[in-house]
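K.L.:
Need coordinates for the below:
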Amino acid sequence: MAASNPYPTALVVGASGIAGSAIIEQLAQRAGWEVLSLSRNPVPGSAARHISADLRSPESLAVALAGEQPTHVFFTAWLRQATEKENIEVNAGMLRNLLTALDHAPLEHVALMTGLKHYMGPFEAYGKGQMPDTPFREDEPRLPVENFYYAQEDELWAAAGRQGFRWSVHRAHTVIGHAVGNAMNMGLTLAVQASICKETGQPFVFPGSETQWNSLTDMTDGTLLAEQMIWAATEAPGSEAYNIVNGDVFRWRWMWPKVAAFFGVEWEGFTDAPRPLEEQMRGAEEVWARLVDKHQLVEPDLERLASWWHTDADLGRNFEVVADMSRSRLAGFCGYRRTEDCFTRLFDRYRAEYIIP
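P.N.:
Model (predicted):
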């Protein structure tokens, strides 16, 4: 089903992140689309027309969006909070505020990005209680824990009932793709880790658990996520929640040496216990400053590049994580990526932009 409006307008929320920037890049290449981005600050080099607003402020959104007429919304923003109760209050509130401010707009579809913590639980209840078997499937019941993904879905469904738009939810695994200043960015984090190891002569050490080292896993390429969200907004029938992963599976004990080989560093796998990056990379700011000066890199702030905590959380899991893609395959979305290629393309792009040496 094609978009019914002959002049569709997309509003991308979270435009500076991996998924948001990929959505903008893809829509900018499609004839007939007007693309808007909403954030507090403009994204340098973005192809979208920027709208400045604070998602936490209904008043700010009402003023900023009063004259806008988006037909499609792609919501990929989130703000990390100290507790899940606060995550629910802030992140569900941001989605509610946005959709309320668009009550006047001719919305046809709202696509919401969430993740596989829908099945595993939030960080503070990670893997606790009875989790579903892998591969995770979209029809699994919710876990009996607080989860801001559930709260966002509830806000989405309530607004769809009031405003009459179709919706989709996109549950990604670890997303790798191009962004700087992103709170959850394993691709860039591993690139920075390997670059620091090469500079210091230290081995490239796997930080995670024995389970993650040995178990099957999968990942989500940011451009593939963008493709599925656009497909759901313009072609998919009805309203559904979809898993979105690359389509291949691998073990980190196979992938880790390949990442190390790209950067020309020696590697070490799991030995007796996890070796978190937050400990391995403590004090690495001086090394990064040296690399910035030596290679004329464009981002001196290590905190904007490496999300040690997030990679530690992902690779520290003590359970297998694999998602099933049958629902969207049967509905017509057959996108695929090989994760090894996603890493190398991403590393090449970061090098070309002088973000990593």
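
K.L.:
now the residue lying closest to P132 once chain neighbours are set aside: how far from L107?
P.N.:
Leaving aside its sequence neighbours, P132 sits nearest to E140 (CB to CB, 6 or more residues apart in numbering; 4.3 Å). C-beta coordinates here come from the backbone N, C-alpha and C atoms, glycine included. Separation of E140 from L107 (CB to CB, to the nearest Å): 28 Å.

K.L.:
out of these two, which sits in the more crowded spot?
P.N.:
It is L107, of E140 and L107, that has more neighbours when counted by other CB atoms under 10 Å, with 22 against 13.

K.L.:
Next up, the contacts around the nearest residue to the more buried one once chain neighbours are set aside.
P.N.:
Nearest residue to L107, sequence neighbours excluded (CB to CB, 6+ apart): F165, at 4.1 Å. Residues near F165 by CB atoms under 8 Å, 6 or more residues apart in numbering: L107, E108, H109, V110, A159.

K.L.:
Buried subset of those, written for ChimeraX?
P.N.:
Applying 16 or more other CB atoms under 10 Å to those, the buried members can be selected in ChimeraX as follows:
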select :107,108,109,110,159
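
K.L.:
The contacts of F165 in helices, which ones?
P.N.:
Secondary structure from DSSP state H places A159 of these in helices.

K.L.:
Just name the closest of the contacts of F165 to S37, please.
P.N.:
Taking CB to CB as the measure, V110 is the one of those closest to S37, at 15.7 Å.

K.L.:
pretty sure that closest one contacts A159?
P.N.:
Yes - with contact defined as CB atoms under 8 Å, V110 counts as touching A159 (7.4 Å).

K.L.:
list residues touching both of those two?
P.N.:
Common neighbours of V110 and A159 (CB under 8 Å, 6+ apart) are L99, F165.

K.L.:
hmm, back to that, ok, the residue nearest to L107 to Q193 distance?
P.N.:
Distance, F165 to Q193, using CB to CB: 42 Å.

K.L.:
and the helix or strand where W256 lies, how far from the chain's centre?
P.N.:
Assigned by DSSP states H and E, W256 falls within helix 252-263. How far helix 252-263 lies from its chain's middle: 22 Å, per CA atoms, centre = their mean, to the nearest Å.

K.L.:
Check stretch 230-250 too.
P.N.:
Taking CA atoms, centre = their mean, the mean C-alpha location of stretch 230-250 is offset from the chain mean by 14 Å.

K.L.:
And stretch 138-155, by the same measure?
P.N.:
Centre-to-centre, stretch 138-155 and its host chain are 18 Å apart (CA atoms, centre = their mean).

K.L.:
Use 54 as the first number for this chain going forward.
P.N.:
That works, and once the first residue is 54, the last one we named lands at stretch 191-208.

K.L.:
Restricting the selection to alpha carbons, write it to PDB.
P.N.:
Extracted in PDB, the C-alpha atoms of stretch 191-208 (Å, rounded to 0.1, in the frame of the first residue of the first chain):
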ATOM      1  CA  GLU A 191       6.300 -10.500  18.800                       C
ATOM      2  CA  ASP A 192       3.200 -12.300  20.300                       C
ATOM      3  CA  GLU A 193       5.000 -13.000  23.600                       C
ATOM      4  CA  PRO A 194       3.100 -11.600  26.600                       C
ATOM      5  CA  ARG A 195       4.600  -8.700  28.400                       C
ATOM      6  CA  LEU A 196       6.800  -9.400  31.400                       C
ATOM      7  CA  PRO A 197       5.400  -8.500  34.800                       C
ATOM      8  CA  VAL A 198       7.800  -5.600  35.300                       C
ATOM      9  CA  GLU A 199       7.800  -1.900  34.800                       C
ATOM     10  CA  ASN A 200       9.100  -1.100  31.300                       C
ATOM     11  CA  PHE A 201       9.000   2.200  29.400                       C
ATOM     12  CA  TYR A 202       8.600   0.300  26.100                       C
ATOM     13  CA  TYR A 203       5.200  -0.900  27.400                       C
ATOM     14  CA  ALA A 204       4.300   2.500  28.500                       C
ATOM     15  CA  GLN A 205       5.200   4.000  25.100                       C
ATOM     16  CA  GLU A 206       3.100   1.400  23.300                       C
ATOM     17  CA  ASP A 207       0.200   2.200  25.500                       C
ATOM     18  CA  GLU A 208       0.500   5.900  24.700                       C
END
